[in-house]
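Asks: my questions concern the predicted model and sequence given below.
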There are 2 protein chains.
Amino acid sequence: MPPFDLARPARATADVSPCGACAVRPLTVCAALDEDEIQRLAEITQSQRVAAHHTLFSEGDTAQNMYNVTSGSVKLYKLLPDGRRQITGFLFSGDFLGLSVDARYAYTAETVTATTVCRFPRRQMDSLLDEFPKLQRRLFSLASNELAAAQDQMLLLGRKTAREKIASFLLSLSERAVRRGQKSNPIQVPMSRSDIADYLGLTTETVSRTFTQLRTHAAIRLLEGGRVDICDETALMEMTESG
Amino acid sequence: MPPFDLARPARATADVSPCGACAVRPLTVCAALDEDEIQRLAEITQSQRVAAHHTLFSEGDTAQNMYNVTSGSVKLYKLLPDGRRQITGFLFSGDFLGLSVDARYAYTAETVTATTVCRFPRRQMDSLLDEFPKLQRRLFSLASNELAAAQDQMLLLGRKTAREKIASFLLSLSERAVRRGQKSNPIQVPMSRSDIADYLGLTTETVSRTFTQLRTHAAIRLLEGGRVDICDETALMEMTESG
DNA sequence: CGGCAGCCATGATGTATGTCAACGGACCCA
DNA sequence: TGGGTCCGTTGACATACATCATGGCTGCCG
């Protein structure tokens, strides 16, 4: 897999910092900061464009950067020695990644589609955290939210059936699209069946079969371009909650 | 389930605050603070004794307190409407709980054995966080660690076999005992088969069978008092990593 | 003391999901 | 144009684990 390209500086912004024009700012870690502080953050920020299916960093790498996704999508995963894979999360614009323990990443981050990220060097980020308690607080709050999401995912992985898993997955994609200000109904599902399987603890075949099953029951429609139309949200929600 | 008892104030400590004599301090959130700050924290802290199988708080409750376990053991879990349960973690002395999102607990916390906790009222804790950035930072670091543990658990739930799950579970209990300064070898396993099952995404029967299987293969011995002797740690570690 | 309840273990059987295999379509590129 | 690869789908079959059922053990309590 070839190394990703560094972005050239943004061209057509009238703002002193590219952050001024950032569409996803209210969603991200940056929402915590006022203009002066944003400026300081912008100084250590580098925007970066990454093609689909490229690795941002790997499990075990020394954690030199934190990232904010500004467009596109990213998956995070862990591997077992024999190659079995668990995807621990999908990230979209506005999402933050790069928290680490013992200065090493605990997972691999790989783009699903073409993606742009803001990159924050860890060392400089750390001093900003000392300087701006608001930023520290914001990061803490993001981590708490991620933790809650991880607990939901444990419930899903440990106790839900394949149908419930797929239904939960689709509804969660829909919810997150809304939070990003997109419409909820035909949702973009940019990841492959295999990625979905590794996220939900299933196989591609089971994912595929469950999709057709939902389609047969008229709960969803599979559109072109990897989009999914949720025809019967109520039915999906009922599937989420029990047998 | 009867309400738990409030503890009476600690009796036999010469220190101004009970925290001065706290055996688990270096393990906990308190390790971040110097003596003056500890004193401030001690002022808002209440020690509490809770019998086995009592609920500290329930999923959905407004999050009024944070806790530190000083002895005993606690389980955290989430429920599906039909009663299926996923235990998201076991806590032992030194562990912290009570992070929340939207001011509500995302899980239920219930004692496994008789337990003592330090209780911090959330409101007062929040102002201490503002006052002591070190504390804030410490809490952030704890949350990051928990997040990493949650990701490990997702890998376990989504991709490991029953044997690998049990092996990972036992080794992780052993590691944590060491971190608490206890010996690693005969480990205390205070939770029931049913709790273990709900933690690993299995049934009690499968947990039971897998234990006897490991016993038959001379990897472990089941001792009385809920203790488990790890006879062949290497074998367990190999089971953890692959088939 | 006797009976009840909870926990653990284990056997018999069922099933949701995994595995293996084949096929069609999209895309790429020589 | 043709062959290769990747992806998604579907079918036939296998299996790890769940489900159902039983019995032993312990502790509790009337």
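Replies: Nice, thanks for sending it over.
Asks: show me what contacts residue A:115?
Replies: Taking CB atoms under 8 Å, 6 or more residues apart in numbering or on different chains as the contact definition, residue A:115 lies against A:49, A:50, A:52, A:69, A:71, A:72, A:73, A:74. Quick note: C-beta positions are derived from backbone N, CA and C, even for glycine.
Asks: go on, residue A:37?
Replies: Under the criterion of CB under 8 Å, 6+ apart, the contact list for residue A:37 reads A:132, A:134, A:135.
Asks: could you rerun that using 10 Å?
Replies: With contact set as CB atoms under 10 Å, 6 or more residues apart in numbering or on different chains, residue A:37 has these partners: A:30, A:128, A:131, A:132, A:134, A:135.
Asks: same check, this time on residue A:230
Replies: Contacts of residue A:230 by CB under 10 Å, 6+ apart are A:167, A:170-171, A:173-174, A:184-187, A:214, A:219-221, A:236.
Asks: out of the residues you listed, which is nearest to residue A:61?
Replies: The shortest separation between residue A:61 and any of those is 28.3 Å, and it belongs to residue A:173 (by CB to CB).
Asks: packing partners for the particular helix or strand that has the closest one in it?
Replies: Taking DSSP states H and E as the definition, one finds residue A:173 inside helix A:162-179. Based on contacts counted as 3 or more CB pairs under 10 Å, 6 or more residues apart in numbering or on different chains; DSSP states H and E, the elements that helix A:162-179 packs against are strand A:85-92, helix A:133-159, strand A:186-188, helix A:193-200, helix A:204-216, strand A:220-222, strand A:227-230, helix A:233-241.
Asks: helix A:133-159 and the first one, what's the angle between them?
Replies: With axes from the mean of the first three to the mean of the last three CA atoms, to 10 degrees as the basis, strand A:85-92 and helix A:133-159 are set at 140 degrees to each other.
Asks: what about strand A:85-92 and chain B, touching?
Replies: Yes - counting by CB under 10 Å from any CB of the partner chain, contacts between strand A:85-92 and chain B involve A:85, A:86, A:87, A:88, A:89.
Asks: want to throw those into TSV with neighbour count and distance to residue B:94?
Replies: Conversion of the residues of strand A:85-92 next to chain B to TSV gives the following (neighbours: other CB atoms under 10 Å in any protein chain shown; distance: CB to CB, whole Å):
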residue	neighbour count	distance to residue B:94
A:85	18	33
A:86	26	28
A:87	26	31
A:88	26	26
A:89	19	28
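Asks: identify the residues contacting the closest residue to residue A:100 other than its chain neighbours.
Replies: Spatially, and ignoring its direct neighbours in sequence, residue A:100 is nearest to residue A:63 (3.6 Å; CB to CB, 6 or more residues apart in numbering or on different chains). Contacts for residue A:63 were tallied using CB under 10 Å, 6+ apart; they are A:57, A:98, A:99, A:100, A:101, A:102, A:103, A:104, A:105, A:106, A:122.
Asks: likewise for residue A:65?
Replies: Counting by CB under 10 Å, 6+ apart, residue A:65 touches A:46, A:48, A:56-57, A:97-98, A:100, A:105, A:117-125.
Asks: picking that back up, of the residues of strand A:85-92 next to chain B, closest to residue B:161?
Replies: Nearest to residue B:161, judged by CB to CB, of those is residue A:86 at 13.5 Å.
Asks: hang on, the closest one packs against residue A:150?
Replies: No - distance between residue A:86 and residue A:150: 11.7 Å, which falls outside the contact criterion (CB atoms under 10 Å).
Asks: show me the common contact partners of these two, please.
Replies: Listed contacts common to residue A:86 and residue A:150 are B:151, B:153, B:154; contacts here mean CB under 10 Å, 6+ apart.
Asks: for the last one, give its distance to DNA strand D.
Replies: In this structure, residue B:154 and DNA strand D are separated by 16 Å, where distance is defined by CB to the nearest atom of the strand, to the nearest Å.
Asks: who in chain A is up against DNA strand C?
Replies: A:161, A:162, A:163, A:201, A:202, A:203, A:205, A:206 (CB under 7 Å from any atom of the strand).
Asks: quick one, which of those residues are buried?
Replies: A residue is treated as buried here by neighbour count (16 or more other CB atoms under 10 Å in any protein chain shown); on that basis the buried members of the residues of chain A next to DNA strand C are A:162, A:163, A:201, A:202, A:206.
Asks: in chain A, where is pLDDT below threshold?
Replies: For chain A, the stretches with pLDDT under 70 are A:1-17, A:242-243.
Asks: spatially central residue for it, please.
Replies: Closest to where the C-alpha atoms of chain A average out (CA atoms, centre = their mean) is residue A:91, at 0.6 Å.
Asks: you'd agree that residue is up against residue A:74?
Replies: Yes - proximity of residue A:91 to residue A:74 meets the contact threshold set by CB under 10 Å, at 4.3 Å.
Asks: which neighbours do the two share?
Replies: Here residue A:91 and residue A:74 share the contacting residues A:67, A:97, A:109, A:111, A:112, A:115, A:117, scored by CB under 10 Å, 6+ apart.
Asks: neighbour-wise, which one of those leads?
Replies: Going through these with other CB atoms under 10 Å in any protein chain shown as the criterion, the one with the most neighbours is residue A:117, at 31 neighbours.
Asks: tell me the secondary structure at it.
Replies: With DSSP: H, G, I helix; E, B strand; the rest coil as the basis, the three-state label of residue A:117 is strand.
Asks: who's in contact with it?
Replies: Residues in contact with residue A:117, defined by CB under 10 Å, 6+ apart, are A:4, A:7, A:45-50, A:56, A:65-72, A:74, A:91, A:93, A:95-98, A:109, A:111.
Asks: among those, name the ones in strands.
Replies: Secondary structure assignment by DSSP state E places A:46-50, A:56, A:65-71, A:74, A:91, A:96-97, A:109, A:111 of the contacts of residue A:117 in strands.
Asks: on that earlier part again, what is the nearest of the contacts of residue A:63 to residue B:139?
Replies: Proximity of those to residue B:139, judged by CB to CB, is greatest for residue A:99, which lies at 13.5 Å.
Asks: okay, now the domains of chain A?
Replies: According to automatic domain parsing, chain A is divided into the following domains: A:4-155, A:160-241.
Asks: figure out which of the ones you listed is closest to residue B:142.
Replies: domain A:4-155 (9.5 Å).
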